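Peer 1: 3D, please:
(3 chains)
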Amino acid sequence: MKLERSRGDYLRKGLAHGILLTASALAIIPFAWALLASLKPENKIFTTIFRIIPEDPTFANYVNVWLQNPLDRWILNSLVITVGVVYFTLLLDTLAGYALAKGKFRGKSLVYTLVIGTLVIPPQVVLVPLYIEMNMLNWSNTYWAVMVLYIANPFGTFMMRQFFLTIPDSLIEAARMDGCSTLQTYTRIMLPLAKPALSSLGVFTFIFTWGAFLWPLIILDDGAMYPLQVGIGLLTGRYSSQWGQLLAAAILAALPVLAAYLLAQRTFMEGIALSGGKG
Amino acid sequence: MAHLPLLLSVALKLGYAGENQPIVGGALVFLAAAAGVLYLSFVREEMDAGPALKVGGFLLLALAVLAYFWPMRPWPH
Amino acid sequence: MGKLEIRHLRKVFEDDSRPIVAVDDLDIDVDDGEFLVLVGPSGCGKSTTLRCVAGLETVSEGEILLDDEPITNQPPTERDIAMVFQNYALYPHMTARDNMAFGLKMSTDLSKEEIAERVERTARMMDIQDLLDKKPGDLSGGQQQRVALGRAIVREPEVFLMDEPLSNLDAKLRTTMRTELQNLQQELDITTIYVTHDQTEAMTMGDRIAILNDGELQQLGTPLECYYEPANRFVAGFIGSPSMNFFDVEHADGALVHEAFRYDLSAEIRDELSVADGPLTMGIRPEDVELASPDDANSVTVQVTVTEPMGDVTYAYVELGGETCTLCLSGERIIQPGATVDIAMPENRIHLFDAETGDALKTRSATRTEDHGVRA
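Peer 2: Reported below is the predicted structural model:
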């Protein structure tokens, strides 16, 4: 009896592990393959496509893609956009979230509904009007045009609001009794308390913005302004056969995200828990 | 007053860093972020900032400098 | 000096379209160094009153004066008032030391050394020196309570406001802290307004207590005044544990007629009670009901339904004309449920209230009568 039950346990556990392993493999194998293939010389990528481990690994692709393309500039562009988006997102989303969670003003629920409402609009729908709008502002080929779309992030506002709701009102009242203005309460009490939420929202936003492709592709047409993802994406068009370089560049582009994941794994998980499972 | 449209067009062009221009907009972004992070990590002791934040602030400052003095090279290079 | 006057205070909350009156025409004077307890059931407006005094709520009408200076429209910091919150409201990201120093840092221009010195002094007084470098999360409820008190004391305010500060503590700690708070208040001699829903706390701690119900002041007086001479039926029922027994009676021919008994009034009381015949509410505290013999005047024979032996006393519940009446009997006397007893309600101990308004018409006198020790 006992034996049977434990056998059933094993079966269930085995099944669960099988599913998890398969899912992990699906995610990891392409990445590993890209990494290994990027170490093969350009002319051997397709001839040795079934030989997973490269015979004599070489960094030639990495050197070539760096030398033949303005990767340094693209990385800098990506950094400008990402840092700007993360910084202003944290600033504005905490302020908005604080106001929506603890503020008392007319039309608060309407504003909140509107913020949440924008979450359901698919971003592709607004691309064309936004493009026209940015052109009218004379903002095409600027960092602002790329950043402004991502900075006003309703998900972050929602997440920060949920966080601030968990902070008891009496803390704010105690701060008022202690002589804090609203802004001082925000910087001295609320922001320090929001550190876990801030770091997970920061990591979310960083990963999302670093990977942004479609909008920068549309609004930028100057090669000097491309972020890394767009630059890499256009490599296929220009040098249609240079798969080795493309893979090398893709691996390079993935490194910061990977680092962010590893560094902030714990906060990331907490953040997912915090926002109720939505990532 | 006649300079106003000119100033405005400069402001609107700040983020634009086409060929061989130093990336003023980028430098400004980094500078703003650095100021914010440094404020939180050194002035606001209530924040109780960890080493990551403190180092990050200086890193951002370095990036601002790097962006401003971005080496000009013929485009495309 | 910390003489606080609340004049015609009215607070209305605008909830959608329907205004809710939380406090209505409240007048309270608190003398310098007095410990005043605001007590009442939840939703009676006691916390709102406190928050108006603190400056956390705006006042709809009326005035609040501190040492004859109007503070009604001043921001909380400029009122020289400190508050202790029910959940302590310590800042979780700061150490106890920083928590205590924060108010001084934000609202005074004391130097860092002076602030540190004052925090240290207060911590010594509260015996919390060892806790100063810990964060609230690492402190027990009682320790957090001390730090929260310390945070209020360190500011050396004119008035302390305390919003149910003991309600998050366990019963044993609450009793200890109660005594400690009283000692502390006497030692510092700072005017204190203390909000609680617990009548025991109110009775034991307050110099005077103000009983509120539905946003209106019911009675303001010393604990014993409120106990012996309740101004109305609400106060009579709220103060004292177990609460007073009430009977709906008809006043006719110099007697009170109830379904289960007839209570003849003496000539004195009839004179005192200059009201026409009609319905009245009669009240008597459980501890004032006496056991009697069947042939005593005004005695009633009742059957005990439930007993609750507490050790020193035994609470017995009896049915009296469909209403439950509580008796408080000596703990040495053993009474089984189902037993029949004769009870009498001494005339000098009964209270009479107007049946409609609830206002007291006759109360027992505050000077305790000498036959007090003879409890059946």
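Peer 1: Grab the nearest non-local neighbour of the residue of the stretch 101-250 of chain C at minimum distance from chain B.
Peer 2: Residue nearest to chain B within the stretch 101-250 of chain C: C:F102 (8.4 Å; C-beta to the nearest C-beta). (Glycine included, C-beta is placed from N, CA and C.) Leaving aside its chain neighbours, C:F102 sits nearest to A:D178 (5.4 Å; criterion: C-beta to C-beta, 6 or more residues apart in numbering or on different chains).
Peer 1: same deal with C:T281?
Peer 2: Nearest non-adjacent residue to C:T281, counting by C-beta to C-beta, 6+ apart: C:F353, 4.2 Å away.
Peer 1: what mean pLDDT would you report for the strand or helix carrying that neighbour?
Peer 2: If you go by DSSP states H and E, C:F353 is part of strand C:351-354. Mean per-residue pLDDT for strand C:351-354: 90.
Peer 1: Indicate each strand paired with that strand and its parallel or antiparallel sense.
Peer 2: strand C:278-284 (antiparallel), strand C:360-362 (antiparallel) (DSSP bridges).
Peer 1: would JSON lines of those strands with distance to C:G33, mean pLDDT and mean neighbour count be doable?
Peer 2: Formatted as JSON lines, the strands paired with strand C:351-354 follow (distance: least, C-beta to C-beta, whole Å; pLDDT from 0 to 100; neighbours: other C-beta atoms under 10 Å in any protein chain shown):
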{"stretch": "strand C:278-284", "distance to C:G33": "34", "mean pLDDT": "90", "mean neighbour count": "19"}
{"stretch": "strand C:360-362", "distance to C:G33": "30", "mean pLDDT": "86", "mean neighbour count": "19"}
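Peer 1: Which residue would be the closest one in the stretch 101-250 of chain A to chain C?
Peer 2: A:G179 (3.1 Å).
Peer 1: Is it correct that that residue falls within a helix?
Peer 2: No - assigned with DSSP: H, G, I helix; E, B strand; the rest coil, A:G179 falls outside any helix and is coil.
Peer 1: neighbours around the closest residue to it other than its chain neighbours, how many?
Peer 2: Distance criterion C-beta to C-beta, 6+ apart; nearest residue to A:G179, sequence neighbours excluded, is C:S107 at 3.1 Å. For C:S107, the neighbour count with other C-beta atoms under 10 Å in any protein chain shown is 17.
Peer 1: Ok, C:A82 next?
Peer 2: Residues lying near C:A82 (other C-beta under 10 Å) number 25.
Peer 1: re earlier: out of the strands paired with strand C:351-354, nearest to B:L63?
Peer 2: Each of these has some distance to B:L63 by C-beta to C-beta; the shortest is strand C:360-362, at 78.3 Å.
Peer 1: Other residues contacting stretch A:32-48?
Peer 2: The contact list for stretch A:32-48 (C-beta atoms under 8 Å, 6 or more residues apart in numbering or on different chains) reads A:52-55, A:57-62, A:64, A:242-245, A:247-248, A:250-251.
Peer 1: Between the two ends of that stretch, how far is it?
Peer 2: 16 Å (C-alpha to C-alpha, to the nearest Å).
Peer 1: So which bits of that stretch are buried?
Peer 2: For stretch A:32-48, a neighbour-count test (16 or more other C-beta atoms under 10 Å in any protein chain shown) marks A:A34, A:A37, A:S38, A:L39, A:K40, A:P41, A:E42, A:K44, A:I45 as buried.
Peer 1: Quick check: residues of the stretch 1-150 of chain C near chain A?
Peer 2: Residues of the stretch 1-150 of chain C lying near chain A by C-beta under 8 Å from any C-beta of the partner chain: C:54-56, C:75-77, C:81-83, C:85-87, C:89-93, C:102-103, C:106-107.
Peer 1: Enumerate the positions of the host helix or strand of A:F206 that are buried.
Peer 2: Per DSSP H and E, A:F206 falls inside helix A:195-210. Residues of helix A:195-210 classed as buried: A:195, A:197-210 (neighbour count, 16+ other C-beta under 10 Å).
Peer 1: shouldn't A:N64 be in contact with A:A249?
Peer 2: No - counting by C-beta atoms under 8 Å, A:A249 is not a contact partner of A:N64; they are 10.0 Å apart.
Peer 1: Give me the more crowded residue out of those two.
Peer 2: Neighbour totals were compared for A:N64 and A:A249, and A:A249 leads with 25 against 15 (other C-beta under 10 Å).
Peer 1: Derive a PyMOL selection command for the buried subset of the contacts of stretch A:32-48.
Peer 2: Typed into PyMOL, the line below selects the buried ones among the contacts of stretch A:32-48, using 16+ other C-beta under 10 Å:
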select buried, chain A and resi 54+58+60+61+62+242+243+244+245+247+248+250+251
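Peer 1: So which of the contacts of stretch A:32-48 sit within strands?
Peer 2: Per DSSP state E, strands hold no members of the contacts of stretch A:32-48.
Peer 1: what's residue 61 in contact with, if anything?
Peer 2: In the absence of a named chain, this looks at chain A. Neighbouring residues of A:N61 by C-beta under 8 Å, 6+ apart: A:S38, A:L39, A:K40, A:P41, A:E42, A:G244, A:Q245, A:L247, A:A248.
Peer 1: Let me rephrase: I mean chain B.
Peer 2: B:F30, B:L31, B:A34, B:L38.
Peer 1: helix, strand or coil for the second one?
Peer 2: It stands for B:L31. Under three-state DSSP, B:L31 comes out as helix.
Peer 1: how many neighbours does the closest residue to it other than its chain neighbours have?
Peer 2: In this structure, B:L31 finds its nearest non-sequential neighbour in B:A64, 4.4 Å apart by C-beta to C-beta, 6+ apart. B:A64 has 23 neighbours, counted by other C-beta under 10 Å.
Peer 1: okay, B:A64: pLDDT?
Peer 2: B:A64 carries a pLDDT value of 91.
Peer 1: Flag the least confident of the contacts of A:N61.
Peer 2: Within those, A:E42 has the lowest pLDDT, namely 79.
Peer 1: Out of the helices and strands in chain C, which is least certain?
Peer 2: Ranking every helix and strand in chain C by mean pLDDT, DSSP states H and E puts helix C:267-272 at the bottom, with a mean of 79.
Peer 1: near chain C, which residues of chain B show up?
Peer 2: So far as C-beta under 8 Å from any C-beta goes, chain B lies against chain C at B:E46, B:D48.
Peer 1: all helices for chain C, in order.
Peer 2: Along chain C, the stretches classed as helices by DSSP state H are C:46-54, C:96-107, C:112-126, C:141-153, C:171-188, C:199-205, C:223-228, C:233-238, C:267-272.
Peer 1: any chance of the contacts of A:N61 in a markdown table, with distance to A:V257 too?
Peer 2: A markdown table is the format used below for those (distance: C-beta to C-beta, whole Å):
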| residue | distance to A:V257 |
| --- | --- |
| A:S38 | 16 |
| A:L39 | 20 |
| A:K40 | 23 |
| A:P41 | 27 |
| A:E42 | 25 |
| A:G244 | 21 |
| A:Q245 | 20 |
| A:L247 | 16 |
| A:A248 | 16 |
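Peer 1: No further questions, thank you.
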